[in-house]
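# need a 3D model of the following:
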Amino acid sequence: MKEFWHKDINTYIGYEDADIYFRTLGDLLSAGLDISESLTIAAQSVPRHQTKLLHIKDLINSGQSLYAATINARIVLSPSITTLLAQSEYDDSLSDISLRCADFAAIYAQLHTKIVQALLYPVLCSIVVICMTLGILLGVVPHIQEVLLAFPLDIPWYTQITLYASKFLRMYPFEMGGCTVLLGIIIFLSRRILKDKILYVLQKIPHIKEIHWLNVSIEYLPLLMLTIKNPRLYAQSDKFNTMRKEIIPIHQSIVEGINNGQLISESLLLVNLPLSNPRYVSKIRVGERNGTLLIALSNIRNELLALILKKLDTLIRIIEPCALLIIALIVGGLAMSILTPLYSLTQVLRH
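Next comes the predicted model:
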């Protein structure tokens, strides 16, 4: 039992911390610093994960690659960065690998910030709506109910629903609180399943679907770069494919085309991916002819990032008025359910 409670667990490194760690490591190695000292300083640059990151140094000093050391240290990074680290199995240039990992971490840090901004507004609006609704039901409706019941009025059905909801909340406050806590626990425990289900539903919306596939393209680029830089990995690239499920058949189709003698630009035309856009394919074709394919893919990555950030900004501008409209409908509906019988009451009092 003691071993169970003290067993080692995975450490999840966020995009910002990964950017700091790998950029520090890459810069120090590029400056000619010893790898052991570079790893120590890089680990110290991320204090909250310092112990785990120092364990990577011990594993590398024992002869493991950066990729193997990261896996064995039970450090979990994003799939794109994990795929880039796989190059350390075949490439001794740790400085280049570290800087590429830092670049992708910085990209996803930007995307993560934008996504948080997109979600923050509706979340805050939801909190405001819940607080206002509870305030109306618990603080205003009971006083209105006393007045309405004192007169023989024909109360509309929607007002009756509001009155019953207010009465129910006042009669069972602890039960409602307990149900809320229980619901929160269930959501927390099943958050991964709920996340997948919510994303599946949201991806039915064209704008969000387009953003999703742009993100998939950015995630696929490290695997494409890996197989380009190390051609012998084509046959065993699945070993390093920690990407989304959508990427697996796409990559298999591209690898099959390459094995049949096609260029990457030709293989990309056969798959359904934003990278298959003729604009990007032409750049890849030029890179293949000039021997600058990795540079071309890096430029395409930057273009895709700029495009996805632009679309996220558009999404935020769409969400804000929609959230305000929902608030207006909910609060306005409650107000109307209260004001309608009050108007009838004034008519009774006049007569």
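# and the spatially closest residue to Tyr12 that is not a sequence neighbour, how far from Asp17?
Once flanking residues are discounted, Tyr12 sits nearest to Val76: 4.8 Å by Cβ to Cβ, 6 or more residues apart in numbering. Any C-beta I mention is one placed from the backbone N, CA and C, and that applies to glycine too. Separation of Val76 from Asp17 (Cβ to Cβ, to the nearest Å): 12 Å.
# quick one, which of these two is more surrounded?
Asp17 (19 against 13; other Cβ atoms under 10 Å).
# can you name the residues that contact the more buried one?
Val46, Arg48, His49 (Cβ atoms under 8 Å, 6 or more residues apart in numbering).
# roughly how far apart are the second one and Asp17?
Meaning Arg48. Per Cβ to Cβ, Arg48 is found 8 Å from Asp17.
# where in the stretch 101-250 of the chain is pLDDT low?
Low-confidence segments of the stretch 101-250 of the chain, defined by pLDDT under 70: 192, 195-196, 199, 203, 226-244.
# can you give me the helices in it?
141-149, 157-171, 173-189, 191-202, 206-229, 247-259 (DSSP state H, counting those that start in this stretch).
# next, the buried residues of the longest one.
Going back to what we said before, that points to helix 206-229. For helix 206-229, the neighbour count (16 or more other Cβ atoms under 10 Å) marks 208, 210-228 as buried.
# cool, and the first one?
Neighbour-count burial for helix 141-149, counted by 16+ other Cβ under 10 Å, picks out Val141, Ile144, Gln145, Leu148.
# turn the residues you listed into TSV, columns for distance to Ile35.
Converted to TSV, the buried residues of helix 141-149 look like this (distance: Cβ to Cβ, whole Å):
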residue	distance to Ile35
Val141	69
Ile144	73
Gln145	74
Leu148	78
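# between those, which is closest to Leu169?
Val141 (9.3 Å; Cβ to Cβ).
# give me the nearest residue to the residue nearest to the spatial centre of the chain, chain neighbours excluded.
Centroid-nearest residue in the chain: His112, 6.1 Å away (criterion: Cα atoms, centre = their mean). Residue nearest to His112 in three dimensions, not counting chain neighbours: Tyr15, with 5.6 Å by Cβ to Cβ, 6+ apart.
# I figured that neighbour hits Ala109, correct?
Yes: using Cβ atoms under 8 Å, Tyr15 is in contact with Ala109, at 4.0 Å.
# so between the two, which is more surrounded?
Neighbour count, other Cβ under 10 Å: between Tyr15 and Ala109, Tyr15 has more, with 20 against 17.
# list the contacts for the more buried one?
Ser78, Ala105, Ala106, Tyr108, Ala109, His112.
# what pLDDT does it get?
pLDDT, Tyr15: 82.
# how near is it to Glu288?
Distance from Tyr15 to Glu288, by Cβ to Cβ: 31 Å.
# tell me if I'm right that Ile218 and Asn302 touch.
No: using Cβ under 8 Å, Ile218 is not in contact with Asn302, being 9.9 Å away.
# ranges for the strands of the stretch 1-150 of the chain?
11-12, 75-76 (DSSP state E, counting those that start in this stretch).
# for the first one, what is the average pLDDT?
It stands for strand 11-12. Throughout strand 11-12, pLDDT has a mean value of 77.
# ok, the last one next?
Regarding strand 75-76, the rounded mean pLDDT is 76.
# would you map the helices across the stretch 251-351 of the chain?
Per DSSP H, counting those that start in this stretch, the stretch 251-351 of the chain carries helices over the ranges 264-268, 278-290, 293-350.
# buried deepest among these, which one?
Highest mean neighbour count among those (mean count of other Cβ atoms under 10 Å): helix 264-268, with a mean of 21.
# contacts for it next, please.
224, 228, 253-254, 256-258, 275-276, 280-282, 284-285, 288, 293.
# would you put the C-alpha positions of it in CSV?
What follows is helix 264-268, C-alpha atoms only, in CSV (Å, rounded to 0.1, in the frame of the first residue of the first chain):
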residue,chain,number,x,y,z
ILE,A,264,5.8,14.7,-51.1
SER,A,265,4.1,17.5,-53.1
GLU,A,266,2.5,14.9,-55.3
SER,A,267,1.4,12.7,-52.3
LEU,A,268,-0.1,15.7,-50.5
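# Tyr200: neighbour count?
When counting by other Cβ under 10 Å, one arrives at 9 neighbours for Tyr200.
# and if you look at the one 5 residues further on?
Under the neighbour criterion other Cβ under 10 Å, Ile205 is assigned a count of 12.
# give me phi/psi at it?
In terms of degrees, to the nearest 10, the main-chain angles of Ile205 are phi -80, psi 120.
# state the distance from Ala105 to Ser80.
Using Cβ to Cβ, Ala105 is found at 9 Å from Ser80.
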